[in-house]
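let me see the structure of the following:
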Amino acid sequence: MKKEIGLVVKNEATALERADHFEQWLTGRGLSVVRRQSSMPAVKQARGSRGCSPASLFCVFVLGGDGTFLSAVRWIGDQQTPIIGVKFGEVGFLAETTEDRLCEVAEAILDHPFTVRPQMRLEVQIFRQGREIAQECAFNDVVINKGALARLARIRTHIDDQFLTEYRADGLIIATPTGSTAYSLAAGGPIIHPTVPGILITPICPFTLTNRPLMVPDAVTITVQLVEDTSDIMLTCDGQVGIRIHQEDTITICKSPSPVQMITLPHQNYFDVLKAKLKWSGSRV
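Numbering: from 1, shown residues only. Below is the predicted model:
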């Protein structure tokens, strides 16, 4: 039986052209290719099924930036299909290699044993009047955010049924260690190594300046509710899907039992990538 390779491509001319050549290279080696363009973010109206990747995929190559990678993770869903990012975007924290090494890296993955590193996702459930109305997963972060004209959101937060605080802020970010270099970092949160077992809670522009980012164990369940029915409040997962939430909604967030299986390459160092992306300078002592 032919190996099936998933290929998720950024909707951009350079990436699409490179994907055409890569697909020909794969089929020339006798492989079958399942190709998909990255999906656009959308507001979710009701609970429903979404298209998932075939369970038979050997691995998935992502040609694009971090947004494309997050779209691919959403496509894979709970399936433990190994995935690797190939940098075409501007940021590329989630990319393991670059476009110029694509065929070289692909040959190594297809012809030899490779290593994967499980990285946690978050499982999100939204209940309205005791009934589950939505269930999502997030690889980077779950964000509760107010619209441009809405007043400060008041977000009551519990950790394992223990009251934590009531945030008055523009919003709240609940992030994985992988997502600590995304929106949470821009909101003043710390950088956490992706293998550290924790969940990060970062308020966005809090009214109370002593509300600081907080890291909690990855075994807890975080429960949040809006204290008042402020209009135009949205919950988003990885910036890929948005759901409008209301005062009667209860949102629970915990570690997903299905991590993302990231393909890792030899001699690739997380701190080298971090320094390059954040443009840290200075000489060694």
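
and the helix or strand encompassing residue 132, what other elements does it pack with?
Using DSSP states H and E, residue 132 maps to strand 131-138. Applying 3 or more Cβ pairs under 8 Å, 6 or more residues apart in numbering; DSSP states H and E, we find strand 131-138 packed against strand 122-128, strand 233-237, strand 241-244. C-beta: built from backbone N, CA, C; applies to glycine.

which of these sits most buried?
strand 233-237 (a mean of 22; mean count of other Cβ atoms under 10 Å).

pull the residues that contact that strand.
For strand 233-237, contacts defined as Cβ atoms under 8 Å, 6 or more residues apart in numbering pick out 41, 43, 124, 126, 136-138, 141-147, 150, 153, 226, 242-246, 251.

can you say which of those residues are buried?
Among those, those buried by neighbour count (16 or more other Cβ atoms under 10 Å) are 124, 126, 136-138, 141-146, 153, 226, 242-243, 245, 251.

pull the contacting residues for residue 198.
177, 192, 215, 216, 217, 218.

from residue 98, how far out is the second one?
Right, residue 192. Distance from residue 192 to residue 98, counting by Cβ to Cβ, to the nearest Å: 25 Å.

keep only those of the contacts of residue 198 that are in strands.
Using DSSP state E, the subset of the contacts of residue 198 located in strands is 215, 216, 217.

which among these gets closest to residue 280?
Within the ones in strands among the contacts of residue 198, the smallest distance to residue 280 is 21.8 Å, found for residue 215 (Cβ to Cβ).

return the set of buried residues in stretch 272-281.
The neighbour-count check on stretch 272-281 (16+ other Cβ under 10 Å) flags residue 273 as buried.

show me what residue 241 is bridged to.
With DSSP bridges as the criterion, residue 241 is bridged to residue 42, residue 237.

wait, is residue 163 part of a helix?
No - according to DSSP: H, G, I helix; E, B strand; the rest coil, residue 163 belongs to no helix; its state is strand.

neighbours of it, how many?
Under the neighbour criterion other Cβ atoms under 10 Å, residue 163 is assigned a count of 10.

quick one, what contacts it?
Contact partners of residue 163, counting by Cβ under 8 Å, 6+ apart, are 156, 157.

which residues in the stretch 1-150 of the chain form strands?
4-9, 32-37, 42-43, 57-64, 83-87, 97-98, 115-119, 122-128, 131-138, 141-146 (DSSP state E, counting those that start in this stretch).

dump these into TSV; add distance to residue 199 and mean pLDDT as well.
As requested, the strands of the stretch 1-150 of the chain are arranged in TSV below (distance: least, Cβ to Cβ, whole Å; pLDDT from 0 to 100):
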stretch	distance to residue 199	mean pLDDT
strand 4-9	26	96
strand 32-37	29	94
strand 42-43	25	64
strand 57-64	25	96
strand 83-87	22	94
strand 97-98	28	89
strand 115-119	13	96
strand 122-128	7	97
strand 131-138	11	95
strand 141-146	10	95
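
residue 105: which of those strands is closest?
Closest to residue 105 of the strands of the stretch 1-150 of the chain, according to Cβ to Cβ: strand 97-98, at 4.8 Å.

okay, now the sheet partners of the closest one, with direction.
strand 83-87 (parallel).

no further queries at this time; thank you.
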